[in-house]
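> coords please:
(chains A and B)
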Amino acid sequence: MKLSQLDPGKKATIISFTDSEMAVKLMEMGCLPGEEVEVERCAPLGCPIAIRIAGYQLCLRKAEAAVIIIQ
Amino acid sequence: MADLKVALVGNPNTGKSTLFNLLTGLNQKIGNFPGITVDKKTGYCKLPSGKTAEIIDLPGTYSLYPKSKDESIVFQVLADKNNASHPDMIVLVADSTNLRRNLLLFSQVADLGIPMLLVLNMADMAKKEGINIDIDKLAERLGVQVVNISARKGEGLTELKQAIAQTTTVATQTSSILAKDFAPQAIEAIKQKITTDNDYFALQVLHQHEHLAFFTQKEQKEIEAIEVSTGFDTTKLQGEETVARYKHLSKVLTDVVTDTGAAKKFTVTDKLDSILTHKVWGFVIFFFILFFIFNAIFSWSSLPMDLIEGTFAKLTEWGHEYLPAGVLTDLLLDGVVAGLGGIVIFIPQIAILFALISILEDTGYMARVTFMMDKIMRKFGLSGKSVVPMIGGIACAVPSIMSARNIESWKDRIITIMVTPLVSCSARLPVYTLLISLVVPDEKVWGFFSLQGLTLMAMYFISIIAAILVALVFKFIIKAKERSYFIMELPVYRMPRWSNVLYTMYEKSKTFVIEAGKVIIAISIILWVMSTYGPSSRFEAIDVKYDKIEATSTDTVQLASLERDRSAEKLENSYAGIIGKSIEPAIKPLGYDWKIGIALITSFAAREAFVGTMATIYSVEGVDDENGELRLRDKIAAAKNPETGLPIFTFATALSLMLFYAFAMQCMSTVAIVYRETKSWKWPIIQLVYMTVMAYLAALIAYQLLK
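Numbers count the residues shown, from 1 in each chain, chains lettered A, B, ... in the order given. Next up, the predicted model:
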């Protein structure tokens, strides 16, 4: 499942990334495989989304969240 | 001279700037890194050892691999030993509440082999959240000194200064990853080419040599050849390196960080977010805040602006009375002082706007605005992050265009830069105010909305709509170099740091006065000379003609009007008048005469010159009267077209002029900053052309429809 499909308020664990360029950026910001992630809320127009990860809040567009594989 | 250069490096939102302000006090200045226009903040700090340290604040970044223009500075400075900002030691500022992510940057920087120490900021907040950090163990494992501070409360500063003084000149940090394992062949080849014994430095050079200006064309080619021959894959290797570093950090942090989860985290931020980014309330609050900013810029500034205007008027009056009359005095008062007054008057508005923006940024609200607006802005080829420069554009495009640097995507950033000057800046305000007061009646609609105020607001709306539509056009024209992305930290809400707010206010106002000031004073002087002098043959002929009439006339009333006719004729034949006349055919369809033509020419470099030019032209033309300043409006209102005898400033002309000023790129400072920011003349020229064409067409259509 992709992070972009997770509903607000739900938690999951990051498994891997489908895009290696984006993966570097995401990992540098703390999104690591094995890390627990929670979707906090969507922006008023549905995109971007705000997630809680590694003790802080990050926002990213749905297309970017789609490269994160979760379970 | 400083004994020691210290660079502050760290993630964004770690309180690095607050620490910088604490260490240096007001003893700091903003300059440029050589060759690049990223603000370089430096300051001095006295150490307990009696030595002085020069502190350099480097832009916040999550990694040495840059995502934006700002971030690329960090490695450029750390890599170049000959760079004037190259530090003797590095203070790495980390957020205690999020140590692992912050230490990624630490471990990259540490591998460059520059002496360093680690500062754990927000130690108090970490404690509150139940995070406990064993700093002795951490120091031992990293091989550097670790200092706990709380920059907001000003705690731990003495210890930090002590630690800086004690840092050895030889790097002591323990090694983390073996850089050589990632690309052994390529690293070996680079080490021979650029004479370094640092494997990680060689690896970084392979990754980002195109950002490093100190390599010659030939060296760049050689590095590229090495990349090709060894099959160097930047993206793959960056990923592998990041994973390896995190693996190492997990080991380092075992038994160092213990999270008891004592207090419930982020409850305040969560509650605020649910209101401030709410589907309905989020936008309502945002527009309310925008309205508040807009209102504050105009209403809070009116008193200080009146004071400044009054002071300069008095100064001019006083000067004319007491200084010896002559050309120099006229030049000083009507050229230099008038020009200075034209700049100083904008300070209140700029200061208020930047104070409010820095409060919004400091509290964390601005990040939420970009979060909410991203989807809308993206439809027009912009990014959520374009909102900040565009709001800033209401005050001044110059600092706003500079603030577009934190937009990572090249295309989003270029479009933002291209449309920001369309947003009505405070320099257009005096033009609008003067013209509106001439043609819009001072009446109230439904009893309380001022008609003039509504017209003014409409001008701002038109400018913002124009900016968005032009962005849409650019979205289809400009080809993207890389994909746009929007991964951004949403910091927790905090109280603004008032000292930062005050400092931003002071710094932005100073930059504006100095940057815009140079241009405007120069123009004021040139304008004064051009409107006072003309070809001597013509001036002599005028003098001869009027002397003759005067000598024969005995009527005193006629004599007074003769004097006025003489100066009017002189203005018409001055250099400014000649130029104004020569462009008259082009501007006649817009409803302008040659006098407005002069104003258009002088405001080519700075639009705020419009009112000053009108004042100069009409006061040169008029005979001396007691309060020339006050009567400017009446003089302009009374101006008649000599051919038709009808007033020049009709509603159609005024609206056409306002639209022209709304869209035209009449600001040399903006052209210069766009050139510096894009590093090419292509973008400022495109901008200048499209804005001028748009201004001309809008003015033409408005005048032809309404006349």
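> can you tell me which residues contact B:V146?
B:L117, B:L118, B:V119, B:L120, B:I135, B:D136, B:L138, B:A139 (Cβ atoms under 8 Å, 6 or more residues apart in numbering or on different chains). C-beta: built from backbone N, CA, C; applies to glycine.
> which of the residues you listed tops the neighbour count?
B:V119 (27 neighbours; other Cβ atoms under 10 Å in any protein chain shown).
> that older thread, tell me the one among the contacts of B:V146 nearest to B:K128.
Minimum distance to B:K128 across these is 14.3 Å, recorded for B:L120 (Cβ to Cβ).
> ok, that closest one touching B:I133?
Yes - under the criterion of Cβ atoms under 8 Å, B:L120 makes contact with B:I133 at 6.5 Å.
> For B:N121, give me the pLDDT.
B:N121 carries a pLDDT value of 92.
> can you check B:A395 too?
Taking B:A395 on its own, its pLDDT is 77.
> from the contacts of B:V146, which two are the most distant?
B:V119 and B:D136 (15.4 Å).
> tell me, how many neighbours does the residue lying closest to B:L178 once chain neighbours are set aside end up with?
Take B:L178 and drop its neighbours on the chain: the residue closest to it by Cβ to Cβ, 6 or more residues apart in numbering or on different chains is B:D199, 7.6 Å away. When neighbours are defined as other Cβ under 10 Å, B:D199 has 23 of them.
> what does B:K375 give?
So B:K375, with other Cβ under 10 Å, has 19 neighbours.
> Which strand or helix spans it?
Per DSSP states H and E, B:K375 falls inside helix B:365-379.
> So for that helix, what gets flagged as buried?
Neighbour counts over helix B:365-379 (16 or more other Cβ atoms under 10 Å in any protein chain shown) mark B:365-378 as buried.
> which strands and helices sit next to the helix or strand containing B:E140?
If you go by DSSP H and E, B:E140 is part of helix B:135-142. Of the remaining helices and strands, those touching helix B:135-142 by 3 or more Cβ pairs under 8 Å, 6 or more residues apart in numbering or on different chains; DSSP states H and E are strand B:116-121, strand B:146-148, helix B:234-253.
> contacting residues for B:S68?
B:R405, B:N406, B:I407, B:E408.
> swap the cut-off to 10 Å and go again
B:S68 is in contact with B:V38, B:P59, B:T61, B:K385, B:R405, B:N406, B:I407, B:E408, B:S409, B:W410, B:R413, counting by Cβ atoms under 10 Å, 6 or more residues apart in numbering or on different chains.
> From chain A, how far out is it?
11 Å (Cβ to the nearest Cβ, to the nearest Å).
> same thing with B:M691?
Distance from B:M691 to chain A, by Cβ to the nearest Cβ: 30 Å.
> What count of nearby residues applies to that residue?
23.
> can you tell me the helix or strand for it?
helix B:682-706.
> Quick one: list the elements packing against that helix.
Applying 3 or more Cβ pairs under 10 Å, 6 or more residues apart in numbering or on different chains; DSSP states H and E, one finds that helix B:682-706 contacts helix B:410-419, helix B:451-477, helix B:575-587, helix B:651-663, helix B:668-678.
> what about chain A, any weak spots by pLDDT?
Nowhere does chain A drop to pLDDT under 70.
> For it, which segments are assigned as strands?
A:11-17, A:36-42, A:49-53, A:56-60, A:68-70 (DSSP state E).
> Out of those, flag the one nearest chain B.
strand A:56-60 (4.1 Å; Cβ to the nearest Cβ).
> Starting from that closest one, tell me which strands it pairs with and how they run.
Strand A:56-60 has the following sheet partners, assigned by DSSP bridges: strand A:49-53 (antiparallel), strand B:488-490 (antiparallel).
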